[in-house]
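S.K.: structure of the sequence below:
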Amino acid sequence: MDYKYLLIFCIVLLLTGACTFQSGDERRKHLSSSEKIRITQYVNNGRVLYEQHCSNCHQSDGRGLARLYPPLKNSDYLRDDVHRAVCIIKYGIKGEILVNGDVYNMPMEGIADLKDLEIAEIATYILNVFADTVALVSAGDVRNYLQNCQSYDQIQVKK
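M.R.: Next up is the predicted model:
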C-alpha cells in the first residue's frame with residue numbers, strides 16, 4: 001500500500017473535520033475571528049479528549065447509555081452549572097443526580113490527571129456540541145472553578 005495516499009487522505013479528512021465546526025454558524029457570527037478560532041481549537045482538541053475519556057459511558061453522540069449514564073446532549077444538568085461540570089470532570093461524583101427529569105445514580109470517577117487546559121477543552125466541546133451553546137471555558141476558568149469545588153459526593157436530588 002502506498003502510504004503517501006493514506007497520509008494525504010488523513011490530512012484532508014483532518015482539515016475537513018476542523019473546518020466543519022466554523023462554517024456559517026449563526027450563533028457565532030458576533031464573535032471576533034480570534035474568538036472563533038480559539039473556540040474551534042478547543043472544540044477540536046476537546047473532541048479528541050472526550051472520545052478518549054468520556055464517550056465510553058456518555059457515548060460519542062452525548063446521549064448517554066440507557067438509564068445507567070446520563071446524557072450530555074441537551075442536558076439541563078450540564079447547561080445549568082458549568083462550574084459543577086468542571087468539578088465533576090476532575091473529581092467525579094457519587095449519589096443521585098437529576099438530568100432532564102430522570103434520576104441517575106451511577107458513580108463517575110474523576111479524571112484527576114487531566115490538566116486545566118484539557119478540562120477546558122472537554123468542557124468547551126461538550127458545551128458547544130451537546131449543550132447547543134456558544135461558550136469558551138478557558139484554562140483560567142477551570143483553575144478558578146477547581147479552587148472552589150464543593151464535595152459532589154452524595155448530592156441530593158432536587159425534585
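
S.K.: for the protein, which segments are assigned as helices?
M.R.: For the chain, the helices defined by DSSP state H occupy 3-20, 33-53, 55-58, 76-80, 82-91, 116-125, 139-147.

S.K.: just checking, what packs against the fourth one?
M.R.: It refers to helix 76-80. strand 97-99 (3 or more C-beta pairs under 8 Å, 6 or more residues apart in numbering; DSSP states H and E). Placement of C-beta: from N, CA and C, glycine included.

S.K.: pLDDT weak spots in the chain?
M.R.: Along the chain, the model assigns pLDDT under 70 to residues 1-28, 151-159.

S.K.: circling back to that earlier point, pick the most deeply packed of the helices of the chain.
M.R.: Of all the helices of the chain, helix 116-125 carries the top mean neighbour count, a mean of 24, counting by mean count of other C-beta atoms under 10 Å.

S.K.: now that one: how far from the chain's centre is it?
M.R.: Distance of helix 116-125 from its chain centroid, counting by C-alpha atoms, centre = their mean, to the nearest Å, is 7 Å.

S.K.: same question for stretch 35-55.
M.R.: The answer for stretch 35-55 is 7 Å, by C-alpha atoms, centre = their mean.

S.K.: what residues are up against the closest residue to Gly92 other than its chain neighbours?
M.R.: Computed as C-beta to C-beta, 6 or more residues apart in numbering, the closest residue to Gly92 that is not its neighbour in sequence is Gly110, at 3.4 Å. Gly110 makes contact with Ile88, Ile89, Lys90, Tyr91, Gly92, according to C-beta atoms under 8 Å, 6 or more residues apart in numbering.

S.K.: now Leu146
M.R.: Going by C-beta under 8 Å, 6+ apart, Leu146 touches Val86, Cys87, Lys90, Asp116, Ile119.

S.K.: gap between it and Leu72?
M.R.: Distance, Leu146 to Leu72, by C-beta to C-beta, to the nearest Å: 20 Å.

S.K.: residue closest to the middle of this protein?
M.R.: Computing the C-alpha centroid of the chain and ranking residues by C-alpha atoms, centre = their mean puts Ile126 first, at 2.8 Å.
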